[in-house]
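Need a 3D model of the following:
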Amino acid sequence: MGQSSQTLGGGDEEDLNTTTNGPQAEATESKSKKLKLVPLIFLIYFEVSGGPFGEEPAVKAAGPLLALLGFIIFPFIWSIPEALVTAELATAYPGNGGYVVWAWAAFGPFWGFLMGWWKWISGVINNAAYPVLCVDYLKILFAAFNGGPVRSVAILLYTIALSYLNFTGLSIVGWTAVTLGLVSLAPFVLMFFFSIPKLKPSRWGVLPQGDMDWSLYFNTLFWNLNFWDNASTLAGEVDNPQRTFPRALLCAGLLTCVGYILPLLAGTGALELNRDLWTDGYLAEAAGLIAGSWLKYWIELGAVLSTVGLFEAQLSSASFQLLGMAEIGLLPSAMAKRSSYNTPFLGILFSAGGTLLLSYLSFTTIISAANFLYSCGMLLEFASFLWLRRKFPALKRPYRVPTGIPGLLCMCAVPVAFLIFVMTLADSAVYVLSISVTVAGILGYFLMKTCKKRNWIDFADGIGESENRNDAQSVYEGLLHSQ
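Next up is the predicted model:
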């Protein structure tokens, strides 16, 4: 088993040397299309952040001091643990499917399917926020986007055009993310430097005057700093994932923190505080007041471009998650079929369709619903991480969080407590929606199981066939064989 795992886990050169010229050429071509480090950094960056667009409500909810502290402290208690879990498990199971495979390896196919359902639905809901956010920025410049048919058509065209871009290839999406990231971040760096002569540090220490909106505050922090594990669903498309993933997560984390803190320091430190103004899109207005209208328009453009990157990254992870679930036998094999561009066209179609249906909800509702369902999945993900460490300590982990079970329990305790806290902030509508989605997922699992058992639909012969796996390494090998 050790020799097999080495061959499967990291032996690109060994595999190529044992093939004939035809397969060797095909493997070389496939490898050349794999995601490299820089595109993966920006894909993760757009999975999580995409820039400071959308951080403004934290100031409205809690004032400058708590907003700044939130974006400084929250990465340590939430983002870093989530990124460490992702780094360890994505390198131990470097294939498509990500957290679905982790939950399956830990607790079996039912929990793997439910994990995939929760995360896919939350991702689709989350992705529905980006057309809304884009149009919200555009309406500052063009009043026609405030509502009516113009707004509806804009959301429709946005979704269709970007879904087609996603269809044309993951490598294109990755390098598009690099370009969009650099263009959208640049004006905020300029905003900070232009703000330096006007900064008054005393403004950063202002406590909230009036009511605190804790629900808005924590949901804004959570929404802006989660989804570190999303890129794991396309690990099979990454060049040398055991080495590339940890490095990409580290770089994306630094980029994300700087991208949030600099404009927040500039906007709150250089201008008199009016909490009511700090709504989605206000950073552009603040930049205009600090440096002039030219920077305001650049940030408006950057906001639109950022939503493109956010949409593309989220759609890629959602579609490759469905492909990965099909490859291991949890969804019909048709979902694993790829287009001529090597992309999961059915996964893109289903994910984009769900996004379009939900794009007409309010932005706040979208965030709350996505956070709750994502929290359900993250609780299962942390449990899977801890259980795999305890049950399979000898599993090959190219990157390993450098601590034992007691340390891991401490590392996971704070984010788990925060997840539960965020879930208690949801209103009754979110609870009803989440329970309904969960019930639908359970019914979906048994429907898939029945279809497979009675041969109504074709399923891949993958690791999803077995109800009870006693060896996580065989899960790992089965996944890699299915790629």
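
and the longest helix for this structure?
helix 293-327 (DSSP state H).

could you give the mean pLDDT of that helix?
Throughout helix 293-327, pLDDT has a mean value of 92.

got the angle for the next helix or strand after it vs helix 293-327?
The helix or strand immediately downstream of helix 293-327 is helix 345-358, counting by DSSP states H and E. Here the directions of helix 345-358 and helix 293-327 differ by 130 degrees (axes from the mean of the first three to the mean of the last three CA atoms, to 10 degrees).

Show me how far the very next helix or strand once past helix 345-358 is from its chain's centre.
Sequence-wise, the next helix or strand downstream of helix 345-358 (DSSP H and E) is helix 363-391. Relative to its chain's centre, helix 363-391 lies at 12 Å (CA atoms, centre = their mean, to the nearest Å).

and if you look at stretch 399-407?
The answer for stretch 399-407 is 24 Å, by CA atoms, centre = their mean.

And for stretch 168-182?
On CA atoms, centre = their mean, the centre of stretch 168-182 falls 15 Å from that of its chain.

in it, what counts as buried?
Applying a neighbour-count criterion of 16 or more other CB atoms under 10 Å, one finds 169-178, 180-181 buried in stretch 168-182. Using the backbone N, CA and C atoms, a C-beta is placed for each residue, glycine as well.

now do stretch 210-219
Here stretch 210-219 shows 213, 215-219 as buried, counting by 16+ other CB under 10 Å.

residues making contact with it?
57-58, 60-62, 66-67, 70, 275, 364, 367-368, 371, 421-422, 425 (CB atoms under 8 Å, 6 or more residues apart in numbering).

From those residues, pick the one nearest Tyr158.
Ile367 (18.6 Å; CB to CB).

Tell me where the stretch 101-250 of the chain has helices.
109-127, 129-141, 148-167, 170-195, 214-224, 241-270 (DSSP state H, counting those that start in this stretch).

now for these, which one comes closest to Met448?
helix 109-127 (7.1 Å).

Just want the angle from that closest one to helix 363-391.
150 degrees.

Okay, angle between helix 109-127 and helix 214-224 too, please.
Using the same axes, to 10 degrees, helix 109-127 lies at 100 degrees relative to helix 214-224.

Begin at 57 from now on, thanks
Noted, 57 is the first residue going forward, which turns the last one into helix 165-183.

got a pLDDT number for the closest residue in space to Gly154 that isn't next to it in sequence?
Spatial nearest neighbour of Gly154, excluding adjacent residues (CB to CB, 6 or more residues apart in numbering): Ser288 at 3.2 Å. Looking at Ser288, its pLDDT is 92.

what's near enough to touch Ser288?
Per CB under 8 Å, 6+ apart, neighbours of Ser288: 142, 145-146, 154-155, 301.

follow-up on the earlier one: of all pairs in the contacts of stretch 266-275, which one spans the longest distance?
Maximum distance among the contacts of stretch 266-275 (CB to CB): 23.2 Å, for Arg331 and Phe477.

Could you check which of these two is surrounded by more residues?
Arg331 (19 against 13; other CB atoms under 10 Å).

Next, find the distance separating that one from Lys116.
5 Å (CB to CB, to the nearest Å).

Over to Glu437?
31 Å.

In terms of neighbours, single out the busier of these two.
For the pair Glu437 and Lys116, the greater number of neighbours falls to Glu437 (27 against 21), based on other CB under 10 Å.

Make JSON lines from the contacts of Ser288 and add pLDDT, secondary structure and distance to Leu351 to it.
Converted to JSON lines, the contacts of Ser288 look like this (pLDDT from 0 to 100; DSSP: H, G, I helix; E, B strand; the rest coil; distance: CB to CB, whole Å):
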{"residue": "Thr142", "pLDDT": "95", "secondary structure": "helix", "distance to Leu351": "35"}
{"residue": "Leu145", "pLDDT": "95", "secondary structure": "helix", "distance to Leu351": "41"}
{"residue": "Ala146", "pLDDT": "93", "secondary structure": "helix", "distance to Leu351": "38"}
{"residue": "Gly154", "pLDDT": "93", "secondary structure": "coil", "distance to Leu351": "38"}
{"residue": "Tyr155", "pLDDT": "96", "secondary structure": "helix", "distance to Leu351": "39"}
{"residue": "Phe301", "pLDDT": "91", "secondary structure": "helix", "distance to Leu351": "35"}
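
Quickly name whichever of these is closest to Gly325.
Nearest to Gly325, judged by CB to CB, of those is Thr142 at 33.5 Å.

residues touching the closest one, list them.
Contacts of Thr142 by CB under 8 Å, 6+ apart are 284-285, 287-288, 301, 305.

Which of these are buried? Put it as a ChimeraX command.
Command for ChimeraX that selects the buried part of these, burial taken from 16+ other CB under 10 Å:
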select :284,285,287,288,301,305
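
Let me have the contacts of Thr142 in a markdown table, extended by distance to Pro205.
Output for these, formatted as a markdown table (distance: CB to CB, whole Å):
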| residue | distance to Pro205 |
| --- | --- |
| Trp284 | 38 |
| Asp285 | 38 |
| Ala287 | 36 |
| Ser288 | 39 |
| Phe301 | 44 |
| Leu305 | 42 |
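
Distance from stretch 296-306 to the middle of the chain?
That offset, for stretch 296-306, works out to 16 Å (CA atoms, centre = their mean).

So what touches stretch 198-211?
187-188, 190-191, 194-195, 412, 415-416.

switch to 10 Å and redo it
For stretch 198-211, the surrounding residues in contact (CB atoms under 10 Å, 6 or more residues apart in numbering) are 184, 186-188, 190-196, 411-412, 415-416.

Type out the ChimeraX command that picks the buried ones from those residues.
The ChimeraX command for the buried members of these (criterion: 16+ other CB under 10 Å) is given here:
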select :184,186,187,188,190,191,192,193,194,195,196,411,412,415
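
quick one: which of the contacts of stretch 198-211 is nearest to Pro319?
Tyr193 (14.5 Å).

From Thr399, how far off is the nearest residue to that closest one once chain neighbours are set aside?
Here the nearest residue to Tyr193 in space, its sequence neighbours aside, is Ala359; by CB to CB, 6+ apart that works out to 4.1 Å. Distance, Ala359 to Thr399, by CB to CB: 27 Å.

for the helix or strand containing Val486, packing partners?
Here Val486, judged by DSSP H and E, is contained in helix 484-509. The contact analysis (3 or more CB pairs under 10 Å, 6 or more residues apart in numbering; DSSP states H and E) places helix 484-509 against helix 165-183, helix 419-447, helix 461-480.

Could you list which residues are in contact with the residue nearest to Tyr193?
Contacts of Ala359 by CB under 10 Å, 6+ apart are 106-110, 189-190, 192-194, 196, 240, 243, 336-337, 339-340.

Figure out which of the helices of the stretch 157-306 of the chain is closest to Arg510.
helix 165-183 (17.0 Å).

and that closest one, average pLDDT?
Summarised as a single mean, pLDDT over helix 165-183 is 92.

Could you tell me the angle between it and helix 204-223?
If you take the same axes, to 10 degrees, helix 165-183 sits at 130 degrees to helix 204-223.

quick one: Phe278 and Ala482 touch, right?
No - using CB atoms under 10 Å, Phe278 makes no contact with Ala482, being 11.5 Å away.
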